[in-house]
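Visitor: Got a predicted model here, sequence first, then my questions.
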Amino acid sequence: MTKPIIVSGMQPTGNLHIGNYLGALKNWVDLQNSGQYQLYLFVADLHSLTLTMTPETRRENVRLLAAEYIAAGIDPAKTTVFVQSHVPEHSELAWIFNCVTPVSELERMTQFKDKAAREDKNINAGLLTYPILQAADILLYHGTLVPVGQDQVQHLELTRDIARWFNNKFGDYFPTIKPLLTKIPKVMSLLEPAKKMSKSKGAGHIIALADEPEIIINKLKKAVTASAGGGQAPGVENLLSLLQQFGATETHQKFIKAEQAGTIRYGDLKQELAAAIAHYFADFRQKRQDLLANPKKLEKILMAGAQQAGVVARATMSEVKKIVGIR
């Protein structure tokens, strides 16, 4: 019996932070290790072309993200790990999907407005058609499940629609995909705890998985805790939530009780959290360093992944071309 197929990826935009880890990467590792699914995880370098980034930075970021996937626990022996552009069928299928997707459906996508706002000096057509390439990424491998947060569900609905439009026009071929919704801890900015953690705000707002212990504690020392009004401050709530994820249960409970009693010392909380995060990612930092110091090993892994993915991708495109009448 074939396993359900999961397809996902991230854009190469620099060091991953703990929000990326808790929001996606940790879940991918858990799904992989469950043995219940067949996973395809890629570095979305084609998607990154919609962003303002130099070619040199993009190349470095691709290598960096691949290393961080593996250092975090993605096992190339269990999961097909590859770079999106190394499998050209992603772009090929996206063009065919372009030709069945109404423009009006793209224009109503809320993420287009968000991306256009962030790239206000580079509002390109790729920002608009981004979800079509995303649909191709998934359907190329006949993916049926996509692990996402609630904010990505709209794009998956469009992927489902694209599969339906294609099937209605050319005959039943692509499967119906479903979101694999998981409980994702809300990780907020250290300096603006009312906003989601994002590297676009600056290094002080995030804790990168690769940050050394002294960097982590220095960032946490500056983390906002106080707020106007009563109730638990958002900054404190964020720090306690992170301690729950990375620290010992008894330590987390100790600070929860202290917060409720009004005796909490925020300096102590930050020290404990810094130590917990540094310890949690110690193996990650070492594995990441080893992989980046051995680019040939990393390249070999990615080439093998692209070859594995390419077998499936070429088979899909061969069938699709016959279905639409260009072969």
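Guide: Received, thanks.

Visitor: where exactly do the helices run in the stretch 201-327 of the chain?
Guide: In order along the chain, the stretch 201-327 of the chain carries the following helices (DSSP state H, counting those that start in this stretch): 213-221, 234-246, 249-261, 266-280, 282-292, 295-324.

Visitor: Where does the record place the domain boundaries for this structure?
Guide: Domain assignment for the chain by automatic domain parsing gives 5-186+295-324, 199-284.

Visitor: Can you tell me which of the ones you listed is packed in deepest?
Guide: When neighbours are counted by mean count of other Cβ atoms under 10 Å, the highest per-stretch mean among the domains of the chain falls to domain 5-186+295-324, a mean of 18. C-betas here are computed from N, CA, C, even on glycine.

Visitor: Around the nearest residue to residue 205 once chain neighbours are set aside, count how many other residues there are.
Guide: Beyond its immediate neighbours in the sequence, the residue positioned closest to residue 205 (Cβ to Cβ, 6 or more residues apart in numbering) is residue 189, lying 4.2 Å away. Other residues within reach of residue 189, judged by other Cβ atoms under 10 Å, total 22.

Visitor: show me the residues around residue 106 that make contact.
Guide: 112, 128, 129, 131, 132, 158 (Cβ atoms under 8 Å, 6 or more residues apart in numbering).

Visitor: and the helix or strand containing residue 133, how far from the chain's centre?
Guide: For residue 133, the host element (DSSP states H and E) is helix 125-139. Using Cα atoms, centre = their mean, to the nearest Å, we find the averaged C-alpha position of helix 125-139 to lie 15 Å away from the chain's own average C-alpha position.

Visitor: Show me what that helix packs onto, helices and strands only.
Guide: Identification of packing neighbours for helix 125-139 by 3 or more Cβ pairs under 8 Å, 6 or more residues apart in numbering; DSSP states H and E yields strand 5-10, helix 45-48, helix 89-98, helix 103-107, helix 110-118, helix 153-170.

Visitor: Give me the average confidence score over the fourth one.
Guide: Right, helix 103-107. Per-residue pLDDT values across helix 103-107 average out to 88.

Visitor: give the contact list for the nearest residue to residue 210 once chain neighbours are set aside.
Guide: Using Cβ to Cβ, 6+ apart and skipping the chain neighbours, the partner closest in space to residue 210 is residue 15 (5.4 Å). Residue 15 makes contacts with 64, 68, 199, 208, 209, 210, as judged by Cβ under 8 Å, 6+ apart.

Visitor: If we only consider the residues you listed, which is nearest to residue 298?
Guide: residue 64 (9.8 Å; Cβ to Cβ).

Visitor: And that closest one, its phi and psi?
Guide: Phi and psi for residue 64, reported as degrees, to the nearest 10, are phi -60, psi -50.

Visitor: Same check on residue 40?
Guide: Backbone torsions for residue 40, taken as degrees, to the nearest 10, come to phi -120, psi 110.

Visitor: Contact partners for it?
Guide: When the contact criterion is Cβ under 8 Å, 6+ apart, the partners of residue 40 are 5, 6, 7, 8, 79, 80, 82, 141, 143, 309.

Visitor: quick one: the fifth one and residue 39 touch, right?
Guide: Spelled out, that is residue 79. Yes: contact between residue 79 and residue 39 holds when scored by Cβ atoms under 8 Å: they sit 4.3 Å apart.

Visitor: joint contacts of these two?
Guide: Any residue near both residue 79 and residue 39 by Cβ under 8 Å, 6+ apart counts here, and that gives 28, 32.

Visitor: circling back to that earlier point, closest one of the contacts of residue 40 to residue 239?
Guide: Closest approach between those and residue 239, by Cβ to Cβ: residue 8, at 28.5 Å.

Visitor: quick one: low-confidence parts of this structure?
Guide: Across the chain, the ranges flagged by pLDDT under 70 are 1, 110-117, 119-120, 122, 151, 154-155, 227-232.

Visitor: and if we set it to 80?
Guide: Confidence mapping of the chain against pLDDT under 80 gives the ranges 1, 109-123, 149-155, 182-184, 226-232.

Visitor: re the thing from before, include distance to residue 52 when you put the contacts of residue 106 into JSON lines, please.
Guide: Below are the contacts of residue 106 laid out as JSON lines (distance: Cβ to Cβ, whole Å):
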{"residue": "112", "distance to residue 52": "17"}
{"residue": "128", "distance to residue 52": "16"}
{"residue": "129", "distance to residue 52": "18"}
{"residue": "131", "distance to residue 52": "20"}
{"residue": "132", "distance to residue 52": "21"}
{"residue": "158", "distance to residue 52": "25"}
